[in-house]
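Enquirer: sequence and predicted structure below; questions after.
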Amino acid sequence: MTYAAFRRPFAALLLGLALAQPVVAATPPAAHPAVADNPAAHPSFTVRVVGKGRPVLLIPGLTCPGAVWDETVARYQSRYQCHVLSLAGFGGAAPAAGAPTAAFLPAVRDQLLAYIKTQKLDRPAVIGHSLGGFMGLWLSTTQPDAVGPLVILDSLPFMAAVQNPALTAEAARTMAESMRKQMSAGKMPPAQQRQMVAGLVTDTARQTLVARWGQASASASVGQAMYEMYTTDLRAELGAVRQPALVLGSWAAYQPYGATMASTRAIFAAQYAKLPQHRIEMSEAGRHFLMYDDAAWVFAQTDAFLQANYAARK
């Protein structure tokens, strides 16, 4: 399978979900009483806290609100204190004041590191999907001692290099700027968006839900996040990461393009080559939204990984 072929599902993710309709404001969910949060300190996201135990941060992907983790929270809230993020402008959440900014994802990163400190979270585990997995890596390369083990669902340290592994962040700017302008030019018709989403999640009800989140997202905020993710290359910095990482990749989405399990894994392995402690596992059934398409497999992998590296306190 070529890198160009592999890029097609990711292009659907970054464009199909991102070409959104006007934002629909949502009321931020209430915080768990155990956490005295100050939302003004992190205008780039809201946090919903559920459960008790060692802390786990759950970070959604592009256009998705924290609700994408509802089933995951239901499973883990009896063992862990789940801090569920919803990024500003995604899935119906109101954009941050003055959005878009020139540094949306860096603001999320820095505000989240500050949140960990102010809430006195002891090296929380991070579970991140797509952009959320990228953010987990970025937290770890920025402050290696701030977070604990990483569970990364179908994400890479440099998205733009899927098309060309020799691509640099600087060289990706032209392509990324074009994608950002395309988002600003207009919205994708809902039917076309749902068709593209079908390549990312199998269940039709989930397709409708994911497409609705995309349509409810603020296109300017999502376009800025997409641009920044496409022009940020974390591969050379992965050596600074001190915590173990479980990388869960999808294969089903790429199989129609001639991928084998081995060829798909090889692309992930090349991007994560400098990450000291990591294991890559590939789902045979799940598309990009692994927690929906192959939930039992994701939970089995995550359960074992957290038990070995982040056991819940009694």
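Expert: All right, it came through fine.
Enquirer: so which bits of stretch 66-82 are buried?
Expert: For stretch 66-82, a neighbour-count test (16 or more other Cβ atoms under 10 Å) marks 66-69, 72-73, 75-77, 79-82 as buried. All C-beta atoms are positioned from the backbone trio N, CA, C, and that covers glycine.
Enquirer: need the next SSE after the helix or strand hosting residue 279, C-terminal direction.
Expert: In this structure, residue 279 sits in strand 278-283 according to DSSP states H and E. Downstream of strand 278-283, the first helix or strand assigned by DSSP H and E is helix 290-293.
Enquirer: circling back: for the strand holding residue 279, packing partners?
Expert: Packing partners of strand 278-283 (3 or more Cβ pairs under 8 Å, 6 or more residues apart in numbering; DSSP states H and E): strand 245-250, helix 261-271, helix 295-309.
Enquirer: CSV please, covering the ones you listed and showing mean pLDDT, mean neighbour count and distance to residue 166.
Expert: Output for these, formatted as CSV (pLDDT from 0 to 100; neighbours: other Cβ atoms under 10 Å; distance: least, Cβ to Cβ, whole Å):
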stretch, mean pLDDT, mean neighbour count, distance to residue 166
strand 245-250, 96, 24, 21
helix 261-271, 92, 17, 11
helix 295-309, 97, 16, 31
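Enquirer: wait, which of these is closest to residue 118?
Expert: Checking the helices and strands packed on strand 278-283 against residue 118 by Cβ to Cβ gives helix 295-309 as the closest, at 24.4 Å.
Enquirer: using PDB, list the CA coordinates for that closest one.
Expert: Extracted in PDB, the C-alpha atoms of helix 295-309 (Å, rounded to 0.1, in the frame of the first residue of the first chain):
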ATOM      1  CA  ALA A 295     -15.000  -1.500  21.500                       C
ATOM      2  CA  ALA A 296     -14.400  -5.000  23.100                       C
ATOM      3  CA  TRP A 297     -10.900  -5.200  21.500                       C
ATOM      4  CA  VAL A 298     -10.000  -1.600  22.600                       C
ATOM      5  CA  PHE A 299     -11.200  -2.200  26.100                       C
ATOM      6  CA  ALA A 300      -9.300  -5.500  26.400                       C
ATOM      7  CA  GLN A 301      -6.100  -3.800  25.200                       C
ATOM      8  CA  THR A 302      -6.600  -0.700  27.400                       C
ATOM      9  CA  ASP A 303      -7.500  -2.700  30.500                       C
ATOM     10  CA  ALA A 304      -4.400  -4.900  30.300                       C
ATOM     11  CA  PHE A 305      -2.200  -1.900  29.500                       C
ATOM     12  CA  LEU A 306      -3.500   0.300  32.400                       C
ATOM     13  CA  GLN A 307      -3.400  -2.700  34.800                       C
ATOM     14  CA  ALA A 308       0.200  -3.200  34.000                       C
ATOM     15  CA  ASN A 309       1.300   0.400  34.000                       C
END
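Enquirer: which secondary structure elements does that helix contact?
Expert: Secondary elements touching helix 295-309 (3+ Cβ pairs under 8 Å, 6+ apart): strand 125-129, strand 150-153, strand 245-250, strand 278-283, helix 290-293.
Enquirer: fine by me, thanks again.
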